[in-house]
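Peer 1: okay, here's the prediction I keep looking at, along with the sequence it came from:
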Amino acid sequence: MDLIFDTMKNKIGFNVIFALISFPIGMALFREFDTQTYGFKNPALGIIYLITFIGTVFLTFNKKYEE
């Protein structure tokens with residue numbers, strides 16, 4: 001099993017589709033955040049935006065393994 005992982009090269013990939021999805025979600029998250037109270041205007045929607053934004057950024061810079 002170690003031989004399989006030793007021959008694989010780590011390569012950080014950039015997924016354009018998830019980058020295009022994460023940009024409007026990040027903008028919506030920024031609009032939902034209130035800088036005067038340092039909280040979300042609608043907390044439930046803000047949390048959903050935050051989780052989705054973190055997921056899309058993670059999938060944008062996901063590592064790809066090649067032999």
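Peer 2: Structure received. Numbering: from 1, shown residues only.

Peer 1: give me the low-pLDDT residue ranges for this structure?
Peer 2: Scanning the chain for pLDDT under 70 picks out 1-12, 63-67.

Peer 1: any idea which residue sits dead centre in it?
Peer 2: Among the residues of the chain, the one closest to the centroid is V57, at 1.7 Å (C-alpha atoms, centre = their mean).

Peer 1: give the contact list for the residue nearest to it when sequence neighbours are not counted.
Peer 2: Spatially, and ignoring its direct neighbours in sequence, V57 is nearest to S22 (5.4 Å; C-beta to C-beta, 6 or more residues apart in numbering). Placement of C-beta: from N, CA and C, glycine included. Residues in contact with S22 (C-beta atoms under 8 Å, 6 or more residues apart in numbering) are F53, T56, V57, T60.

Peer 1: which one among these gets closest to F14?
Peer 2: Minimum distance to F14 across the contacts of S22 is 6.6 Å, recorded for T60 (C-beta to C-beta).

Peer 1: tell me how many other residues surround the closest residue to N42 other than its chain neighbours.
Peer 2: Leaving aside its sequence neighbours, N42 sits nearest to E32 (C-beta to C-beta, 6+ apart; 6.6 Å). Residues lying near E32 (other C-beta atoms under 10 Å) number 18.

Peer 1: check T56 too.
Peer 2: 20.

Peer 1: I'd say A28 and Y49 touch.
Peer 2: Yes - A28 lies in contact with Y49 (C-beta atoms under 8 Å); the separation is 5.6 Å.

Peer 1: and the strands in the protein?
Peer 2: 9-12, 33-34, 39-40, 63-66 (DSSP state E).

Peer 1: partners of the second one in the sheet?
Peer 2: Strand 33-34 pairs in its sheet with strand 39-40 (antiparallel), by DSSP bridges.
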